[in-house]
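A structural model of the following input is requested.
(chains A and B)
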Number of protein chains: 2
Amino acid sequence: MATRRAGWVADPDGLNPLAILNGHWPAPPPQPCRNVHEWLEKARADVLFEASSLVPQTGQPAIEHLKAALELGAHAITANKGPIVHAFRELATLAHEKQKKFLYEATVMDGIPIFSLFPLGLPATALQSFAGVLNSTTNVVLTEIEKGRSFDEAVKRAQAIGVVETDPAADIDGWDSAVKVAALAIVLMGVPVRLEQVQRTGIRELSEEKIRSVRAAGMRYKLVCRAARRGDSVDCTVQPELLLASDPLANLEGTSSAIRFDLDVFSFSLVEHNPGIEATAYGLLADFLRAVQP
Amino acid sequence: MATRRAGWVADPDGLNPLAILNGHWPAPPPQPCRNVHEWLEKARADVLFEASSLVPQTGQPAIEHLKAALELGAHAITANKGPIVHAFRELATLAHEKQKKFLYEATVMDGIPIFSLFPLGLPATALQSFAGVLNSTTNVVLTEIEKGRSFDEAVKRAQAIGVVETDPAADIDGWDSAVKVAALAIVLMGVPVRLEQVQRTGIRELSEEKIRSVRAAGMRYKLVCRAARRGDSVDCTVQPELLLASDPLANLEGTSSAIRFDLDVFSFSLVEHNPGIEATAYGLLADFLRAVQP
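Okay, the predicted model is just below:
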């Protein structure tokens, strides 16, 4: 276990998760680990769960953590989408070489299977485009503004329910959404989209009055992610869009999210209804089961 | 190939699908096959695609076709949900014994992965309940009545677009939905629900005026399938329900369908947007790929 609070704690015999969940942190080791490599070796890890905060522009230090795990022969499982956008090819190749798994189901829509759905559930299809509302914070903020709160109050409300990234700007300015749309395009469309290729507009410039007046007229603003193939590349955008109330992407409250996939043979949507933090934890657990089950 | 029109046509060297699609049916064989066993043996089939019409009360003759295929050592792939409700255990056991696949992804929501989603995408979850609008015909009929057509005109309209089961009563009286809810409960909840245990009410008794008046008030009737665990059993119902316009199950037009799954860890929905008949064909193709790929 490694956290900002506890440091790098390693015990090859295992830690006591119940004790830790109850606030009894393990005593600091006599010779503390100095880095992720030492820590993984000392723990004799079979699998690493990477759940550090998103750094949109670099994907670090999560990439180094995942590389270290794979190099040591451990499965690398992440809830952090930065490494997909900044090092997908490298990590996937390394995992293949080491015959270990690099898995990341929890990075988009928590435990909802997206990345594990496509290869087995939708063989021989081509994904032409997708559109989704994938960021909980902007969802909560827009809903609170609709209800009459100010922008700043609405952000505080989102922070109070615990959905905001460590830096709120990562959500409000569309970075979280941009990383998600790029990650989905890279994995599901096989195109190496770079983060700076995503046209990104956040919700900061939307006026509170406008948000409330369109709501009164039966419409809603949502921060919408879109990707569409154009020739060999993929056009990716993140921007506030005015949606009709009948649009499935409009009827999302709280931490709910939704995505529509347009395949060559048919179109379908996935909707996640107000998940809690355990849904993200489940995504990591499900990846673990996929990694270790034959 | 076997159809009502062509009879049992078998050629171990293969038929010409393009010719058949263009209306050039193969000449009748000198010694016609007399039954499914003779036909499969003569064709030396590796896989059977079963797409006969639903007979809700018995699941026949599809069950016999699928059994014959598995007994002969061919994969058995079906778009007919009757066999799941009337012979799931038997067919799954036989497939296991013969080390062949019994697959049925196309039976509910066409090519949308449901049956193939759960084992790999959602390991270690428990499905507590689900609710869906899964029958296109009643969807189309209710929408046409909302628009001002009579019940009989609306049924003709649904028949014209080709979504109606061979016997329209199978849709209108909720048989199609009842078989689907039972099939989902049997496979995804592991409970051997019998068709007669599904409480079933169709849309025949809904008055046209009522359908139109609630629509004017922002609500809609839909034929809703529900299943919920109760102890060791599952309560299954099919009945018209009055839904708010904001309900994701209410905003379904044409051949669209949707289902919400409530797991122990989170809830999610799948929505299929106005599929054509090729979406069902894709479901069969995807099963074929799952059967033959390692």
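
Residue numbers of the stretch 151-294 of chain A in contact with chain B?
A:245-246, A:248, A:251, A:260, A:265-276, A:278-279, A:282, A:285-286, A:289-290, A:293 (CB under 8 Å from any CB of the partner chain). C-beta: built from backbone N, CA, C; applies to glycine.

Could you turn the buried ones of those residues into a PyMOL selection?
The PyMOL selection below is limited to those of these classed as buried (16 or more other CB atoms under 10 Å in any protein chain shown):
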select buried, chain A and resi 248+251+260+265+266+267+268+269+270+271+272+273+275+279+282+285+286+290
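
So which of the residues of the stretch 151-294 of chain A next to chain B belong to strands?
A:260, A:267-272 (DSSP state E).

Can you pick out the most distant pair from these?
The span of these, defined through CB to CB, is set by A:Ser267 and A:Glu272 at 18.0 Å.

tell me the pLDDT at the most centrally placed residue in chain A?
Against the mean C-alpha coordinate of chain A, by CA atoms, centre = their mean, the closest residue is A:Thr107 at 2.9 Å. A:Thr107 carries a pLDDT value of 97.

OK, contacts around it?
A:78-81, A:84, A:180, A:183, A:283 (CB atoms under 8 Å, 6 or more residues apart in numbering or on different chains).

Now do the buried residues in the helix or strand harbouring A:Leu70.
Using DSSP states H and E, A:Leu70 sits in helix A:62-71. Buried residues in helix A:62-71, counted by 16+ other CB under 10 Å: A:62-70.

ok, now stretch A:111-126?
Here stretch A:111-126 shows A:111-118, A:120-123, A:125 as buried, counting by 16+ other CB under 10 Å.

For A:Gly148, state which of those residues is nearest.
Nearest member of those to A:Gly148, counting by CB to CB, is A:Ile112, at 31.5 Å.

A:Glu97 - that's part of a helix, no?
Yes. Assessed with DSSP: H, G, I helix; E, B strand; the rest coil, A:Glu97 lies in a helix.

Report pLDDT for it.
98.

Then A:Gly162?
For A:Gly162, the predicted pLDDT is 77.

How much space separates the closest residue to it other than its chain neighbours from chain B?
Spatial nearest neighbour of A:Gly162, excluding adjacent residues (CB to CB, 6 or more residues apart in numbering or on different chains): A:Ile277 at 6.9 Å. Here the criterion is CB to the nearest CB, to the nearest Å. By it, A:Ile277 lies 11 Å from chain B.

Ranking helices and strands of chain A by mean pLDDT, which lands last?
strand A:7-8 (a mean of 87; mean pLDDT, DSSP states H and E).

Provide the strand pairings for that one, with the direction of each partner.
strand A:2-3 (antiparallel) (DSSP bridges).

Contacts for the partner strand next, please.
Contacts for strand A:2-3 (CB under 8 Å, 6+ apart): A:8-9, A:36, A:39.

can we see that at 10 Å?
If you take CB atoms under 10 Å, 6 or more residues apart in numbering or on different chains as the criterion, strand A:2-3 is touched by A:8-10, A:20, A:25, A:33, A:36, A:39-40, A:43, A:48, A:50-52, A:65.

Within range of chain B, give me the residues from the stretch 1-150 of chain A.
A:105, A:109-125 (CB under 10 Å from any CB of the partner chain).

pLDDT below threshold where in the stretch 101-250 of chain A?
Low-confidence segments of the stretch 101-250 of chain A, defined by pLDDT under 70, are absent.

which residues of it fall in strands?
A:102-103, A:127-133, A:199-200, A:219-230, A:233-244 (DSSP state E, counting those that start in this stretch).

per-residue pLDDT, A:Ile277?
So, for A:Ile277, pLDDT stands at 89.
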